[in-house]
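K.L.:
structural data only, the sequence is not supplied:
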DNA sequence: CACTGTGGCCGTGGTC
DNA sequence: GACCACGGCCAC
């Protein structure tokens, strides 16, 4: 048999590679590749080792040097693992730390979630290869959410029942949605079972009947699936969730994941946190409500979590409606991230299950491992703990940031180097293998590290492929309308490529990297510092004032109406740069504000506000972009900044602040506007100082709430207590607020930094009497 | 295991 | 009151 199919998943079944495939017509089938055996490379004498494996002589590259090695095959991954240390005592072992499934994907050059052509007999693979095919991957998808009984605060899966399971998805392109429960809700989307056990079995049946390929939840790795797994165990649920009749498989260890064989489980929360961490999306809180509102404009029904058990005992339909909305919100988010995840999986060669849980480093690592295989180069090992510690304790010097002079300026041009670090890596061929290589022609970095020019390194090659592909897709993208399928899929491709390309530099200096190269990292940043400072000097020579510089961007003050001179300068810089490096114009701004640091008169770095000719405001670093400031302080600061930038009206700005202070004083402010957000990053007992958020969290734990490391809390400074920490209470428990704190520690510091530049004093803002006139500042 | 890097600001609580 | 460490979040 010969068939074209999507490679949905690969796993191990009794030590054999098992492939889950979906044909173009939608038939899902599994195949085994029994002929593929695990192996590693060995450099050393094998005279006394003949019994310990199957040996094959082969040639590999170590950097650019050819070496003869033995390829040693084993019956299964366990045997390889057992034998590894023995071989290590007899010589050098290479590539023994590559997971078997990835060994298979790399060697067969397979791209998960992409199309393959497979020849098979019975259920055994004869031959398999990746093929280029533009057919869209249309899996059957289902998002789900559960509600659990929680009379004692947090639900306990060994005692508290699961009350309902909602779902929303698409099967063969058709929408499905509903709620499974065992109480007599009268809504038409509800299916009522006799009891909890039958409800869970009904859900498993639903997955089977609809041939679900992708199952998704929000926080489902940590909450929903472990909960269902435990309830299934307690109740003796027989119906399997997996396509091979298996149960939900939970990972041990710290990083919790839940697997369902034959279906790819995506925890949308993990995807959203990843996108938030790398700055692809910007969310203040990662809750389902916030993510769905901010990212896809879906406002779901809200209830207070602690009241779920009360709602269950009510007679109305609030709880089922709420539960269904959670699944619908999850589906909206899944639709938003799925095209990207599919591309990340295809481009990096990682399974969709892994891709949706990966950090940026995993994508880069996977690409570089595949590139190594392509070039017949040995893949470096994951560093041992000592070398990790050594690397970790020796950070490299980073970027240059110029201190601005505080003040308000007009006519500002912002220029920046396009993809600075990637373009340096490619232009200067920066790679561990080109470093200090015997070579005719080389480039010497500012620190004196030599990089060969003539032999192209692995990382520059892989990076250039990524950059070229991205440029190609970006170009093609412009041919299509925004809402078309083509546009969306090209957008996802270039987005995935951008994410990976941007992480390559970081991966080279990441202490746990296989391809770590300190000299490479410090050369890249040194070249970057040199490039920007040369551009600065040239700017000054050409009559511009350099207002500010950060890493790759240049803020120039130019004379009214002389935009063309900026353009001339830009071209002049580009002439001095290597081909792949480019200084671009970001925008011209009419006005901009820089402020001084809190302490002293020095200008604050990484804090500025700009307004362009269309009136679009760009604000960086100010309190108003920080989630650990209250909304009332942030919004007041925003109004002050925008009033100054747009209208130049100081009196209006002052009046705005006075209004806010009055509101606070009269205690008419909304508590939700006073909430301060912060992340509890570690176990509460491990904190050395009792900060307000930790203090509030500790008090909440005494009231029965559980606060896990990594969770975000919102707190309010109340009236009760002496220190700020004593006054801090989580929002759900706060009844009042300390007006003085919000005036003196939130609103005033936020606005005074800006208004202070214009001569306004604290007293001018606090003084309730008739307002002085400050006059226009420009 | 932990989840790309360095540069930077600043509130809070602690020390003296 | 001066000073500093801790810790969080942000710019790039």
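P.N.:
Received it, and whenever you're ready, just let me know what you need. Note that this is a predicted model, so its numbers are computed, not measured. Residues are numbered from 1 along each chain as shown, chains lettered A, B, ... in the order given.

K.L.:
and the stretch 151-300 of chain A, which residues reach DNA strand C?
P.N.:
Counting by Cβ under 7 Å from any atom of the strand, the residues of the stretch 151-300 of chain A lying close to DNA strand C are A:279, A:284. For every residue, glycine as well, the C-beta is placed using N, CA and C.

K.L.:
now what about the helix or strand where residue A:125 lies, what contacts it?
P.N.:
Under the assignment given by DSSP states H and E, the secondary-structure element containing residue A:125 is strand A:124-130. For strand A:124-130, contacts defined as Cβ atoms under 8 Å, 6 or more residues apart in numbering pick out A:19, A:31-35, A:108-111, A:114-120.

K.L.:
show me what whichever helix or strand residue A:465 is part of is packed up against.
P.N.:
Residue A:465 belongs to helix A:458-477 when assigned by DSSP H and E. Here helix A:458-477 touches helix A:360-374, helix A:420-427, helix A:485-508, going by 3 or more Cβ pairs under 8 Å, 6 or more residues apart in numbering; DSSP states H and E.

K.L.:
between the ones you listed, which one is nearest to residue A:606?
P.N.:
Taking Cβ to Cβ as the measure, the helices and strands packed on helix A:458-477 were each checked against residue A:606, and helix A:420-427 came out nearest at 16.8 Å.

K.L.:
next, the residue lying closest to residue A:67 once chain neighbours are set aside: phi, psi?
P.N.:
With Cβ to Cβ, 6 or more residues apart in numbering as the criterion, residue A:67 has its nearest non-adjacent residue at 6.0 Å, and that residue is residue A:60. Residue A:60 has phi and psi values of phi -130, psi 170 when expressed as degrees, to the nearest 10.

K.L.:
which residues of the stretch 451-600 of chain A lie near DNA strand C?
P.N.:
Counting by Cβ under 7 Å from any atom of the strand, the residues of the stretch 451-600 of chain A lying close to DNA strand C are A:550-553.

K.L.:
got the buried residues for stretch A:541-561?
P.N.:
Residues A:544, A:546-558 are the ones in stretch A:541-561 that count as buried (16 or more other Cβ atoms under 10 Å).

K.L.:
what of stretch A:584-604?
P.N.:
Of the residues in stretch A:584-604, those scored as buried under the neighbour-count criterion (16+ other Cβ under 10 Å) are A:588-596, A:603-604.

K.L.:
lowest-scoring secondary structure element of chain A by mean pLDDT?
P.N.:
One helix or strand of chain A scores below all others by mean pLDDT, DSSP states H and E: helix A:308-313, with a mean of 78.

K.L.:
pull the distance from that helix to the chain's centre.
P.N.:
35 Å (Cα atoms, centre = their mean, to the nearest Å).

K.L.:
same check, this time on stretch A:55-67
P.N.:
A distance of 37 Å separates the C-alpha centroid of stretch A:55-67 from that of its chain, computed with Cα atoms, centre = their mean.

K.L.:
with stretch A:369-385 instead?
P.N.:
The chain centroid and the centroid of stretch A:369-385 are separated by 25 Å, computed with Cα atoms, centre = their mean.

K.L.:
stretch A:681-689 too?
P.N.:
On the basis of Cα atoms, centre = their mean, the separation between the geometric centre of stretch A:681-689 and that of its chain is 25 Å.

K.L.:
for the helix or strand in which residue A:197 is found, which positions count as buried?
P.N.:
The secondary structure element spanning residue A:197 is helix A:196-209 (assigned by DSSP H and E). Across helix A:196-209, burial judged by 16+ other Cβ under 10 Å covers A:196-204, A:206-208.

K.L.:
and stretch A:107-115, by the same measure?
P.N.:
By neighbour count with 16+ other Cβ under 10 Å, stretch A:107-115 contains the buried residues A:108, A:110-115.

K.L.:
stretch A:36-47 now?
P.N.:
Counting neighbours by 16+ other Cβ under 10 Å, one finds that the buried residues in stretch A:36-47 are A:36-43, A:46.
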